[in-house]
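**Q** The sequence isn't on hand, but the structure is:
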């Protein structure tokens with residue numbers, strides 16, 4: 001669906017003509033005349049209220065203003081326009097009426113009165129207090145916050161983002177500090193003023209702030225500095241060990257060795273450490289919006305389970321920001337994005353993020369393989385692969401990002417992340433095997449993401465690509481039928497995951513009764529009981545804001561639990577006549593294996609109770625990789641520092 005451009009009939013046909021004229025004007029390369037003043041008062045951020053004043057140069061006539069809808073990195077029409085409240089427009093102190101565009105509800109239409117030179121907008125953005133993904137999730141607590149600029153700006157529709165210039169400023173709560181990739185121009189009692197930037201660069205430069213913070217230099221004396229900026233609800237959560245600092249310094253060095261060039265002037269990792277915010281990462285060219293649990297650095301299991309957060313977003317500076325699939329390089333925030341190459345944008349980033357995690361020392365080679373085993377097992381328990389190919393998970397990403405967890409294994413989710421990672425492992429091991437280890441995916445990376453001397457750019461320019469260029473570059477590394485290789489993996493509907501990269505790499509996926517340390521860390525940090533590889537379900541082992549303890553989150557299609565009648569949303573009250581206790585599940589599985597008796601579950605389904613009997617006697621099952629004798633090991637070198 002194309003972004004509509006015609007306006008409300010109620011505001012006369014003239015508005016439609018005005019919009020069309022503006023679009024043609026912008027298409028000819030003209031910039032929006034003047035600079036937009038944008039002030040964001042964050043002093044009420046502890047109450048999730050961001051107060052905005054915006055002043056736009058205008059002239060008499062019809063005007064369409066838009067709130068960013070299609071957000072880079074979120075790959076969908078996710079701009080949280082529902083957070084905009086109290087919107088008032090005025091010229092010289094006199095209110096100006098506006099009406100929402102019925103065909104483009106992220107936009108408003110208005111008549112600018114005669115003689116007007118400036119239009120003032122005032123509104124509050126009510127930052128979410130619960131739920132939602134990415135910027136639609138919790139972004140502020142009484143002691144810290146993250147500002148994504150797309151949440152606090154309206155822009156004149158019809159211009160590309162790099163054709164609009166803004167002068168942004170902020171006010172912060174007392175004693176709060178901030179970090180951002182924006183360049184500061186001045187600071188005084190009235191707030192902090194940043195240098196003027198394009199709308200694209202503004203949206204691409206989130207701002208973190210808070211009472212407790214720490215700044216760590218990850219590249220001392222480098223020509224392109226890199227900093228880790230931490231903000232936490234409690235000062236003790238800022239305790240980062242010397243080893244962890246070394247890991248993140250190694251990350252910068254290993255990324256430079258991998259890519260061979262940097263495409264930023266400096267880079268700012270922005271990391272919120274809080275149990276109150278949503279936990280995710282969102283990429284930007286010269287920074288990244290990262291949010292992790294409060295004990296990310298102070299809990300060994302937390303650091304083991306998710307150290308890929310920063311490496312993943314760092315890789316995106318190259319893969320996703322500098323190089324971007326042409327369908328995602330729209331140039332504005334109104335045009336729909338095409339997500340068909342997300343298996344490269346996110347899948348390759350997922351793969352390289354985990355590789356760099358190991359090369360930086362955050363994981364040992366054994367832990368890297370333990371993570372790889374979990375990925376392989378999860379994707380090998382995706383019966384939805386039998387009807388939905390990997391390509392469709394990318395094509396349908398805008399919907400799947402917000403799809404429920406229930407039946408995710410049969411519906412499929414954003415599997416272009418983990419399965420995409422397996423595809424790129426497959427490619428990497430194919431290159432290594434074909435060249436007897438003389439070349440690898442690293443060679444592709446250095447060619448594809450290195451600076452092109454024929455490409456005139458600033459630090460923030462995007463160099464789009466098509467799939468054909470990816471295949472052409474792979475053939476520069478080693479001649480192979482990459483077209484068929486890739487198309488087979490994108491379009492296959494086999495229920496089995498593509499594990500050729502693991503087997504070609506000299507390893508084999510097995511299941512045994514003892515969980516690896518990585519599995520234990522995952523279960524502890526996720527607060528889930530994952531029995532997908534045995535009984536065939538996932539349930540909560542602790543309550544949270546979304547689930548009660550014992551609530552069934554997902555059930556593997558056609559698994560023993562499925563055949564017994566277990567369904568997502570049910571609550572397990574008892575197992576084999578005892579109160580449901582995740583700590584005893586392995587004992588129960590082993591007992592059933594010995595006595596060959598079904599496992600009984602007492603469950604609650606809405607207001608109804610029933611007993612289900614699961615016929616399963618194969619004992620506990622947890623994934624791990626084992627070496628294949630007399631084969632070349634290509635996986636260990638992948639995780640080895642360069």
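**A** Yep, that arrived. The shown structure was predicted, so the numbers you read here are calculated from the model rather than taken from an experiment.
**Q** Only C-alpha atoms from now on, for both contacts and neighbour counts.
**A** Will do.
**Q** got any ranges where the stretch 351-500 of the chain has weak pLDDT?
**A** Along the stretch 351-500 of the chain, the parts satisfying pLDDT under 70 run over 451-460.
**Q** in it, which spans are strands?
**A** With strands called from DSSP state E, counting those that start in this stretch, the stretch 351-500 of the chain shows them at 463-465.
**Q** How about the stretch 501-642 of the chain?
**A** Using DSSP E, counting those that start in this stretch, strands in the stretch 501-642 of the chain cover 507-512, 528-530, 537-540, 552-555, 571-575, 578-579, 599-605, 608-614, 622-627.
**Q** Run through the neighbouring helices and strands of the last one.
**A** Spelled out, it's strand 622-627. helix 365-380, strand 507-512 (3 or more Cα pairs under 8 Å, 6 or more residues apart in numbering; DSSP states H and E).
**Q** helices or strands up against the first one?
**A** Using 3+ Cα pairs under 8 Å, 6+ apart, the elements in contact with helix 365-380 are helix 347-359, helix 418-434, strand 507-512, helix 517-526, strand 622-627.
**Q** before we move on, back to that, please identify the most buried of the helices and strands packed on strand 622-627.
**A** helix 365-380 (a mean of 21; mean count of other Cα atoms under 10 Å).
**Q** Mind listing residues that contact that one?
**A** With Cα atoms under 8 Å, 6 or more residues apart in numbering as the test, helix 365-380 has contacts from 354-355, 358, 415, 418-419, 422, 495-497, 499, 509, 516, 518-519, 533, 623-625, 636, 639-640.
**Q** which of the strands of the stretch 501-642 of the chain is buried the deepest?
**A** Mean neighbour count, computed with mean count of other Cα under 10 Å, is highest for strand 552-555 among these, reaching a mean of 25.
**Q** Among the helices and strands packed on strand 622-627, which comes closest to residue 615?
**A** strand 507-512 (19.1 Å; Cα to Cα).
**Q** Give me the average confidence score over stretch 514-525.
**A** For stretch 514-525, the mean pLDDT works out to 95.
**Q** What are the buried residues along it?
**A** 515, 516, 517, 518, 519, 521, 522, 523, 524, 525 (16 or more other Cα atoms under 10 Å).
**Q** was I right about the second one contacting residue 621?
**A** What that stands for is residue 516. No. The criterion here is Cα atoms under 8 Å, and residue 516 misses it with residue 621 at 10.8 Å.
**Q** Format the buried residues of stretch 514-525 as TSV; extra columns: distance to residue 65.
**A** Conversion of the buried residues of stretch 514-525 to TSV gives the following (distance: Cα to Cα, whole Å):
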residue	distance to residue 65
515	55
516	54
517	53
518	49
519	49
521	48
522	45
523	47
524	47
525	43
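**Q** Save the helices and strands packed on helix 365-380 as CSV, and put in distance to residue 312 too.
**A** Below are those laid out as CSV (distance: least, Cα to Cα, whole Å):
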stretch, distance to residue 312
helix 347-359, 4
helix 418-434, 12
strand 507-512, 24
helix 517-526, 18
strand 622-627, 23
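**Q** contacting residues around the closest residue in space to residue 426 that isn't next to it in sequence?
**A** Distances taken as Cα to Cα, 6 or more residues apart in numbering put residue 501 closest to residue 426, at 3.7 Å, once the chain neighbours are dropped. Counting by Cα under 8 Å, 6+ apart, residue 501 makes contact with 422, 423, 425, 426, 427, 428, 429, 430.
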